[in-house]
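1. okay, structure incoming, though there's no sequence with it:
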């Protein structure tokens, strides 16, 4: 469903050039939940922006649903939640979704139906006619998820979907991800909340300083007895950092 092949991206000029994504290859299968892990600055958000065509790679190729990124149109298959969703603060939640739906070519009645359904699932029905400028961080995050699902895409790409959420918000998003998987959707998301990754994901990839350290199922991540995903993640990142220093 998503193929990333030998992807590289640098920023800066001259001696200040920094390789943010370094020869990265990933393969996300149809219908799976795939977790994208790494510390701050590992290149996760940059990889997602490259995958969505917001940035151009220096090298490598990417395919989404057999469409070549940069050449073929493919983004209508994708629902995207950025790490920091942006909304027009003077619009209500319903108006925000109506605008997004119309820009996606959706009909008015279907927008209303989907909006009501999704706002209900994310516990935002009570705020449907309130201006987004008065929303909390968690409410905006949940509205961003609703916005990404409005056109019923086959593929969901979430950049830190649990960011700023309280326990109820996290529960709602996790329940939604399970439901989406059961309906056959493909979900690719980054997160720093490793307990959620461990609970939800079929497979994971771990990146550090733009390089892939591991890709596969959690059971193959060599988690030792008494370890969980978080402790093994910290261990492998420390090992990779020490190896660079040496």
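-> Thanks, I have it. Bear in mind that the values here come from a model prediction, so they are computed numbers and not experimental data. Residues are numbered from 1 along each chain as shown.

2. counting by contacts, list what the helix-or-strand element of the chain with minimal mean pLDDT packs against.
-> The helix or strand of the chain with the poorest confidence is helix 229-245; it has a mean of 84 (mean pLDDT, DSSP states H and E). The helices and strands touching helix 229-245, judged by 3 or more Cβ pairs under 8 Å, 6 or more residues apart in numbering; DSSP states H and E, are helix 194-200, strand 203-208, strand 211-217. Just so you know, the C-beta spots here come from the backbone N, C-alpha and C atoms, and that holds for glycine as well.

3. deepest-packed of the ones you listed, please.
-> strand 203-208 (a mean of 23; mean count of other Cβ atoms under 10 Å).

4. centre-most residue in the chain?
-> Centroid-nearest residue in the chain: residue 158, 2.0 Å away (criterion: Cα atoms, centre = their mean).

5. of all the helices and strands packed on helix 229-245, which lies closest to residue 22?
-> strand 211-217 (4.8 Å; Cβ to Cβ).

6. okay if I get the helices and strands packed on helix 229-245 as JSON lines plus mean pLDDT and distance to residue 17?
-> Listed next are the helices and strands packed on helix 229-245 as JSON lines, based on pLDDT from 0 to 100; distance: least, Cβ to Cβ, whole Å:
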{"stretch": "helix 194-200", "mean pLDDT": "91", "distance to residue 17": "31"}
{"stretch": "strand 203-208", "mean pLDDT": "96", "distance to residue 17": "19"}
{"stretch": "strand 211-217", "mean pLDDT": "94", "distance to residue 17": "16"}
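
7. tell me who's in contact with the closest residue to residue 29 other than its chain neighbours.
-> Once flanking residues are discounted, residue 29 sits nearest to residue 1: 6.2 Å by Cβ to Cβ, 6 or more residues apart in numbering. Applying Cβ atoms under 8 Å, 6 or more residues apart in numbering, we find residue 1 in contact with 28, 29, 30, 31, 64, 65, 154, 155, 186.

8. one step back: wait, the residue nearest to the centre of the chain touches residue 189, no?
-> Yes - contact criterion Cβ atoms under 8 Å: residue 158 and residue 189 qualify, at 3.7 Å.

9. what are the phi and psi values at residue 183?
-> phi -90, psi 0 (degrees, to the nearest 10).

10. where along this protein do the helices fall?
-> 44-51, 93-103, 108-121, 137-149, 167-182, 194-200, 229-245 (DSSP state H).

11. turn those helices into a markdown table, columns for distance to residue 213.
-> Below are those laid out as a markdown table (distance: least, Cβ to Cβ, whole Å):
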| stretch | distance to residue 213 |
| --- | --- |
| helix 44-51 | 13 |
| helix 93-103 | 36 |
| helix 108-121 | 35 |
| helix 137-149 | 28 |
| helix 167-182 | 24 |
| helix 194-200 | 14 |
| helix 229-245 | 6 |
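
12. out of those, which gets the lowest mean score?
-> Of all these, the minimum mean pLDDT falls on helix 229-245 (a mean of 84).

13. how about that one: buried residues?
-> Neighbour-count burial for helix 229-245 flags 229, 232, 233, 236, 237, 240 (criterion: 16 or more other Cβ atoms under 10 Å).

14. which residues does the closest residue to residue 26 other than its chain neighbours contact?
-> Computed as Cβ to Cβ, 6+ apart, the closest residue to residue 26 that is not its neighbour in sequence is residue 4, at 4.2 Å. By Cβ under 8 Å, 6+ apart, residue 4 lies in contact with 24, 25, 26, 27, 47, 51, 60, 62.

15. residue 185 contacts residue 157, correct?
-> No - taking contacts as Cβ under 8 Å, residue 185 lies outside contact range of residue 157: 11.1 Å.

16. these two - which one has more neighbours?
-> Neighbour comparison, residue 185 and residue 157: the larger count goes to residue 157, with 25 against 21 (by other Cβ atoms under 10 Å).
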